[in-house]
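In: Pasting the sequence and the predicted coordinates here, then a few questions.
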Amino acid sequence: MKAHLEANDLWGVVEEDYEVLPLPTSPTMAQIKNQKERKARKSKARASLFAAVSKEIFTRIITIKSAYEIWSFLKNEYEGDERIKGMQALNLVREFEMQKMKEFETIKEYANKLLSIANKVRLLGSEFSDSRIVEKILVIVPERFEATITSLENTKDLSKLTLAELVNALQAQEQRRRMRADDSVEGALQAKLQINQGEKSKWKKYKKMNFNTQKAAAITSNKSGDNNKGFPPCKHCGRMVHPPFKCWRRPDVKCEKCNKLGHHVRICKSNLQQKNEAQVADQQEEEEKLCVATCFTSSSSTECWLVDSGCTNHITHDQELFRKLDRSQVSKVRIGNGDLITVEGKGTVAIESCAGIKLIYDVLYVPEIDQNLLSVGQLVEKGFKVIFENKHCLIKDVNDKEIFSIKMRGKSFSFDPLKKEQAAYPATVNSTKAWHKR
């Protein structure tokens, strides 16, 4: 506001608050002109202040007659004394320190936000250097800018790095990342456009080829009172309200819900599940969809461990095997027959191996199953090597040291850690459970 008044040569009126003296008895033309100019400047300054404030503030200053008094009122009301300005500056500094860069925010937007807070502090009379903003950006920016920051640390003196240099360097990297992302999106959009154009062409061709058939069907429909759209019977569902390539029951369409071919998601049978099943799914804290085709619930148990490539997590039913068990890790798992069973914890299990006691981490505690399972996927994820060859399963640790050598029995690989020989199942496995260990 001060800059606006100074640009219009009105700041002197606000600062001095001079009085306009009456004209003498016989005024000269210069005196008359000077008096008019002084009156006009005071009126213009007052009008400028009225126009600059909000409606709420305007109602409070409308009765004040001079620009000097209006400015004094606003200064005392909103700027306050030194103590109040110090408190305001402290609050702004606290706000500055709490600012974090969001994932969707650009580096320019984040830097402008920090600079805006810094300028507010400076307006209150407190010192706030650009180097402080530079340090804030270097510390708080996300990991995607780590390469640029490392390059700046190796090539420049960060104590002399200006805010503009830092923002420009980070913005350049941001633009390169955005260009790569735009290229991939553009390719996807072009492919989608080609598909849409192909489908439109297919639709026009279909309508042209079947014009006579549609016309005949429409005539028949009008005669019989049927309200269909005049399409020939669909070869997939038999209805006459759509062309075959728009049918929801096409054999090539894939449901987005159950991932099965032959129907659209709008007519998926899974949408008709009972309410009690939905309530069970909502109450569970976490459902880990494990492809556990190798186990099922049973009242019997065994001490053997089965090496399973279809299971996504290690599972045991024996609580005594755990060295450490976290009972708060409660969730649900889905077994091969589709049933949901409860996971009552997760922890670390100690197993006797060729190399001594071996700790297996992230093992689920599921009392309802009848089999201890070692997940091939989880072993590989943790750095272990699992090799199947010559009817043996070799498991090596991260140091390439062999810890298990398991012989195939009954088309499965299982072992009992309590026995000396690292192979397990007895030859008398009943036929009822033989199929699920393949």
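Out: Perfect, I can see it now. Everything numeric in this text was worked out from a predicted model, so none of it was measured.

In: only C-alpha atoms for contact and neighbour calcs from this point on.
Out: Noted.

In: in this structure, which strand has the most residues?
Out: strand 356-365 (DSSP state E).

In: now do the same end-to-end measure for stretch 311-318.
Out: 18 Å (CA to CA, to the nearest Å).

In: mind listing the helices for the stretch 1-150 of the chain?
Out: 2-7, 11-16, 29-52, 55-61, 67-74, 82-98, 107-123, 130-140, 146-155 (DSSP state H, counting those that start in this stretch).

In: Please render those as CSV that adds mean neighbour count, distance to G410 and mean pLDDT to the earlier fields.
Out: Shown next, in CSV, are those (neighbours: other CA atoms under 10 Å; distance: least, CA to CA, whole Å; pLDDT from 0 to 100):
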stretch, mean neighbour count, distance to G410, mean pLDDT
helix 2-7, 12, 91, 81
helix 11-16, 18, 98, 79
helix 29-52, 15, 89, 85
helix 55-61, 12, 87, 86
helix 67-74, 18, 91, 84
helix 82-98, 14, 63, 86
helix 107-123, 16, 61, 90
helix 130-140, 15, 58, 89
helix 146-155, 13, 53, 85
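
In: Relative to F231, which of these is closest?
Out: Nearest to F231, of all those, is helix 107-123, at 55.2 Å by CA to CA.

In: could I get that closest one in CSV with only the CA atoms?
Out: Presented in CSV, the C-alpha positions along helix 107-123 are these (Å, rounded to 0.1, in the frame of the first residue of the first chain):
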residue,chain,number,x,y,z
ILE,A,107,10.0,-27.6,-6.1
LYS,A,108,9.0,-24.2,-7.3
GLU,A,109,5.7,-24.2,-5.4
TYR,A,110,7.5,-25.4,-2.2
ALA,A,111,10.2,-22.8,-2.5
ASN,A,112,7.7,-20.0,-3.1
LYS,A,113,5.8,-21.1,0.0
LEU,A,114,9.0,-20.9,2.1
LEU,A,115,9.9,-17.6,0.6
SER,A,116,6.5,-16.2,1.4
ILE,A,117,6.8,-17.0,5.1
ALA,A,118,10.3,-15.6,5.1
ASN,A,119,9.2,-12.3,3.7
LYS,A,120,6.4,-12.0,6.3
VAL,A,121,9.1,-12.4,9.0
ARG,A,122,11.2,-9.7,7.3
LEU,A,123,8.2,-7.3,7.2
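
In: show me what contacts the residue nearest to L21 when sequence neighbours are not counted?
Out: Spatial nearest neighbour of L21, chain neighbours left out: Q35 (7.6 Å); criterion: CA to CA, 6 or more residues apart in numbering. By CA atoms under 8 Å, 6 or more residues apart in numbering, Q35 lies in contact with V20, L21, L23.

In: Closest one to K332 out of those, please.
Out: For the contacts of Q35, the nearest to K332 is V20 (87.2 Å; CA to CA).

In: Can you pull the phi/psi pair for the closest one?
Out: For V20, the backbone dihedrals are phi -90, psi 110 (criterion: degrees, to the nearest 10).

In: And S412, by the same measure?
Out: phi -140, psi 160.

In: Neighbours of it, how many?
Out: 22 (other CA atoms under 10 Å).

In: Helices along the stretch 251-400 of the chain, start to end?
Out: 275-283, 376-381.

In: Next, the buried residues of the shortest one.
Out: Right, helix 376-381. V376, G377, Q378, L379 (16 or more other CA atoms under 10 Å).

In: same check, this time on stretch 13-29
Out: Applying 16+ other CA under 10 Å to stretch 13-29 flags V13, V14 as buried.

In: Can you check the pLDDT for the residue most central in space within the chain?
Out: With distances taken as CA atoms, centre = their mean, the residue of the chain nearest its centroid is E103 (8.5 Å). Here the pLDDT value assigned to E103 is 80.

In: now P244
Out: Looking at P244, the pLDDT reads 80.

In: What separation is there between F58 and V14?
Out: Distance from F58 to V14, by CA to CA: 17 Å.

In: correction: N399
Out: Counting by CA to CA, the gap from N399 to V14 is 82 Å.

In: re earlier: any chance of the helices of the stretch 1-150 of the chain in JSON lines, plus distance to E256?
Out: What follows is the helices of the stretch 1-150 of the chain, written out as JSON lines (distance: least, CA to CA, whole Å):
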{"stretch": "helix 2-7", "distance to E256": "61"}
{"stretch": "helix 11-16", "distance to E256": "69"}
{"stretch": "helix 29-52", "distance to E256": "57"}
{"stretch": "helix 55-61", "distance to E256": "55"}
{"stretch": "helix 67-74", "distance to E256": "63"}
{"stretch": "helix 82-98", "distance to E256": "42"}
{"stretch": "helix 107-123", "distance to E256": "37"}
{"stretch": "helix 130-140", "distance to E256": "40"}
{"stretch": "helix 146-155", "distance to E256": "38"}
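
In: Could you report the neighbour count for the residue lying closest to C237 once chain neighbours are set aside?
Out: Of all residues not flanking C237 in the chain, R249 sits nearest, at 6.6 Å (CA to CA, 6+ apart). Other residues lying near R249 total 19 when counted by other CA under 10 Å.
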